[in-house]
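Q: Okay, structure incoming, though there's no sequence with it:
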């Protein structure tokens, strides 16, 4: 028997799937100190616990989005959730860092299979612009809430259980979401499947994988090192080959001529910049809360709730305002809000700044983030045809991931360089060379050095090291905020100049209908 699907229940199922993938973005970071204590994980291995996931996720997004268009988005979504949940659950039983890193890489594969399908299915069901704007606004709100809730959930689990609970939790949660999708989400794929573009699949994976890997490694190797320059050059070559192959293909995976449409390309750039600022913000503020303010992981997550709330409000409000006022005006305003936040923080941040001021600053940022990313995503998905919604969603997701990776790498490099330079001139000469080298690694390491000195009865030297490290961190944080603010201003100018106010009034030529059925036997 065939019946019409319930749109609210479909929405809940798809938003829950999106929430689960976004939750992992910050959930795992909370467990890193515990991994060092219990698995003996080195700093390099900790980096790859995070980056193995991001690298595979980024490399396979476009491929997974294209395959979902070809073979069916619901099936790809359920398979992705199964891979994601099973690999996470097994990761909780890892007995070595290498096993955990391998599990994280497979989780990245599952996330790449899952994430593009959530947005593609939403836009396939909610087809009018008002419906699409509302559903994408809620999709964006879900992402913001999940990212902010990650440290809270992780902190609670670590307070009551071992680090393994962070990973094993996602297994049964994934099974629950699979059940929701199976029950309430319709099948969706092309009515007339295209041939697979094998060269496009390989070149897109190679380009994204090499680019993200090079960005991840650049802060350690040096942005101008031969390895980094070779990596960026290789990524450019792969991108050029991808573009040429797509232009010549009779049935391309991604019609690159789509980037001539400013609804697509300018909106994609806006999403990239928004997530550059978001992940730069998370990188800086979590260190500030935990090291400078002395908050626990759980407390730091709770103190981030103003961001989660305001991102949710900004996302749902932003898409609806974009329909009434215009995408250009709302996205540009959102980027201006983000820039204002960063300049305000740069001018006021100090160890003694009242949390009330910080909360207001975070509300400003969250509103800016929501007003930017959700309307820009709605613009991207409105520019692609229904039969290519999966790969269109993957492009949107790739810009988010690329922007976030760049935000952490660039802002992290700026703040770390300035932090180290300040320590060079600020640390007392009487501090042993080994302890000085350790203090240069991070503000957390410097505070650890201060604690060691206190334990050995050198409280005066310990206080000097602590004050010097905090001042150096504040300096790096402030300049990092200025960099992020300038990037946001550049994004606002780009949006104001190139993003169309509204979609074209004349409908585009009709595309093949998307098969949408729900079958109950």
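A: Alright, I've got the coordinates. Quick caveat: nothing in here was measured; it's all calculated off a predicted structure. Numbers count the residues shown, from 1 in each chain.
Q: All the strands of this structure, residue numbers only.
A: 187-190, 514-517 (DSSP state E).
Q: didn't residue 402 look like it was pressed against residue 216?
A: No: using Cβ atoms under 8 Å, residue 402 is not in contact with residue 216, being 11.4 Å away. To be clear about C-beta, it is placed using only N, CA and C from the backbone, and glycine gets the same treatment.
Q: Flag the shaky bits of the protein, pLDDT-wise.
A: Along the chain, segments meeting pLDDT under 70 span 1-5, 42-44, 188-194, 504-521.
Q: what about stretch 118-132, start to end distance?
A: Using Cα to Cα, to the nearest Å, one end of stretch 118-132 lies 13 Å from the other.
Q: Identify the residue nearest residue 278 in space, chain neighbours excluded?
A: residue 369 (5.7 Å; Cβ to Cβ, 6 or more residues apart in numbering).
Q: show me the contacts for the one you found.
A: Shown in contact with residue 369 (Cβ atoms under 8 Å, 6 or more residues apart in numbering): 144, 274, 277, 278, 307, 310, 311, 314, 334, 338.
Q: Mind doing that once more with 7 Å?
A: Residue 369 makes contact with 144, 274, 278, 311, 314, 334, 338, according to Cβ atoms under 7 Å, 6 or more residues apart in numbering.
Q: Which single one of those residues is nearest to residue 65?
A: Proximity of the contacts of residue 369 to residue 65 (Cβ to Cβ) peaks at residue 274, which lies at 20.0 Å.
Q: thought the closest one was touching residue 370?
A: No: applying Cβ atoms under 7 Å as the test, residue 274 and residue 370 come out as separate, 9.3 Å apart.
Q: joint contacts of those two?
A: Between them, residue 274 and residue 370 share no contacting residue, judged by Cβ under 7 Å, 6+ apart.
Q: helices or strands up against the longest helix along the chain?
A: When the chain is parsed with DSSP state H, its longest helix is helix 459-498. Helices and strands touching helix 459-498, by 3 or more Cβ pairs under 7 Å, 6 or more residues apart in numbering; DSSP states H and E, are helix 262-287, helix 327-348, helix 389-426, helix 443-455.
Q: Could you check it and say which residues are buried?
A: Residues of helix 459-498 classed as buried by neighbour count (16 or more other Cβ atoms under 10 Å): 461-462, 464-466, 468-485, 487-489, 491-492, 494-496.
Q: give me the number of residues near residue 153?
A: By the measure other Cβ atoms under 10 Å, the count of residues near residue 153 is 18.
Q: meant to ask about residue 18
A: When neighbours are counted by other Cβ under 10 Å, residue 18 registers 23.
Q: can you pull the contacts of it?
A: Applying Cβ under 7 Å, 6+ apart, the residues near residue 18 are 118, 139, 142, 143.
Q: Now render the residues you listed as TSV, adding neighbour count and distance to residue 23.
A: TSV is the format used below for these (neighbours: other Cβ atoms under 10 Å; distance: Cβ to Cβ, whole Å):
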residue	neighbour count	distance to residue 23
118	26	13
139	27	14
142	24	10
143	29	10
